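> Below is the structure, and that's it, no one-letter string:
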């Protein structure tokens, strides 16, 4: 049997581009919702990144047990509520990628 650490977790990156003056509003939303997202069944990790060149562009990076866990989260009240508040702050369409590890060097 494979150990938990050997299971390929689904990696999810979402690029969020905000009106520059709305970034702080998003950070408030994120700080409030992040612990709840992290505790969501199947969520194995959560980070918020800032673009190195464009400070009003942020990325959420999350790890999920599988695609089903991510979809369950995306249908949850938590996601719907958080997304509704977040999308009012955008200045560009969000973009999202889901990927599985293929090659990992130790």
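Perfect, thanks for sending it. Please read all numbers here as calculations on a predicted model, not as lab measurements.

> What's the local residue count around residue 55?
11 (other Cβ atoms under 10 Å). No exception for glycine: its C-beta is placed from N, CA and C like everyone else's.

> tell me the contacts of it?
Residue 55 is in contact with 20, 23, counting by Cβ atoms under 8 Å, 6 or more residues apart in numbering.

> Is it in a helix, a strand, or coil?
The assignment at residue 55 comes out as coil when based on DSSP: H, G, I helix; E, B strand; the rest coil.

> Just the pLDDT at it, thanks.
We have a pLDDT of 97 for residue 55.

> Now it. Its backbone dihedrals?
Residue 55 adopts backbone torsions of phi -70, psi -20, taken as degrees, to the nearest 10.

> just for the protein, where's the confidence low?
Residue ranges of the chain with pLDDT under 70: 1-7.

> let's go with 80 and repeat that
In the predicted model, the chain carries pLDDT under 80 at residues 1-7, 106.

> residue contacts, the residue nearest the centre of the chain?
Within the chain, the residue whose C-alpha comes closest to the C-alpha centroid is residue 60; the distance, by Cα atoms, centre = their mean, is 3.6 Å. Residue 60 makes contact with 12, 13, 14, 16, 30, 46, 47, 48, 49, according to Cβ under 8 Å, 6+ apart.

> what's the helix or strand for residue 29?
In this assignment (DSSP states H and E), residue 29 forms part of helix 23-38.

> contact partners of that helix?
16, 18, 43, 45-46, 48, 55-56, 58, 60, 62, 73, 78, 82, 85-86, 89.

> Tell me the buried residues within these.
Buried members of the contacts of helix 23-38, scored by 16 or more other Cβ atoms under 10 Å, are 16, 18, 43, 46, 56, 58, 60, 62, 73, 82, 86, 89.

> was I right about the fifth one contacting residue 19?
Spelled out, that is residue 56. Yes: shown here, residue 56 and residue 19 form a contact pair, counting by Cβ atoms under 8 Å, at 7.1 Å.

> got any residues that touch both of these two?
What both residue 56 and residue 19 touch, as defined by Cβ under 8 Å, 6+ apart, is the set residue 91.
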